[in-house]
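Colleague: Below is the structure, and that's it, no one-letter string:
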């Protein structure tokens, strides 16, 4: 009787250790999936920002693949809670001929580092009716 109770006790101990190891592996897997998803969203920003209606060029209702400089200047002064939900803890800058237009900036109080990505974009200056080459810079604050 004592031997069978001892065997059952050992079996439950081995089962508990297996469950703990499995739980730890699942937590790590979920953490990796979360960080991978955040990284994909970060790289998606570089293509999402120029296609936003708030910044996108249009002539006579026809959308173009560029950023309207006039809209960018107006967007610089627009900071709302909606964009905090869309962008989160990021800093978005449009560089044109050495001039920086800060499109969005919100950094958390404590962050560990900054991840940065740049991409060339076409910028339309409606005042002079010409296209310029700009650099869109997205910085993500890592917590």
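Modeller: Sure thing, it's come through. Bear in mind that the values here come from a model prediction, so they are computed numbers and not experimental data.
Colleague: So what are the sheet partners of the host helix or strand of residue 122 and their directions?
Modeller: Per DSSP states H and E: residue 122 is located in strand 113-125. Next to strand 113-125 in the sheet, as set by DSSP bridges, lie strand 62-68 (parallel), strand 130-142 (antiparallel).
Colleague: Which among those strands is found nearest to residue 40?
Modeller: Across the strands paired with strand 113-125, the minimum distance to residue 40, taken as Cβ to Cβ, is reached by strand 130-142, at 11.9 Å. Every residue, glycine included, has its C-beta placed from N, CA and C.
Colleague: Can you show me the strands along the chain?
Modeller: Remark: strands assigned in the chain by DSSP state E are 56-59, 62-68, 90-96, 99-105, 113-125, 130-142.
Colleague: Check which helices and strands the first one sits against.
Modeller: Taking 3 or more Cβ pairs under 8 Å, 6 or more residues apart in numbering; DSSP states H and E as contact, the helices and strands that strand 56-59 lies on are strand 62-68.
Colleague: Other residues contacting the strand it packs on?
Modeller: 49-51, 55-58, 94, 121-124, 126, 131, 134, 136 (Cβ atoms under 8 Å, 6 or more residues apart in numbering).
Colleague: what's the neighbour count on the nearest residue to residue 118 once chain neighbours are set aside?
Modeller: Sequence neighbours aside, residue 137 is the residue nearest to residue 118 in space, at 5.1 Å (criterion: Cβ to Cβ, 6 or more residues apart in numbering). For residue 137, the neighbour count with other Cβ atoms under 10 Å is 17.
Colleague: Where does the prediction get shaky in this structure?
Modeller: For the chain, no stretch has pLDDT under 70.
Colleague: Go through it and flag its longest helix.
Modeller: In the chain, with assignment by DSSP state H, the single longest helix is helix 2-48.
Colleague: so what secondary structure elements neighbour that one?
Modeller: Packed next to helix 2-48, using 3+ Cβ pairs under 8 Å, 6+ apart, are strand 90-96, strand 113-125, strand 130-142.
Colleague: Can I get these in TSV including distance to residue 64?
Modeller: Shown next, in TSV, are the helices and strands packed on helix 2-48 (distance: least, Cβ to Cβ, whole Å):
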stretch	distance to residue 64
strand 90-96	16
strand 113-125	7
strand 130-142	9
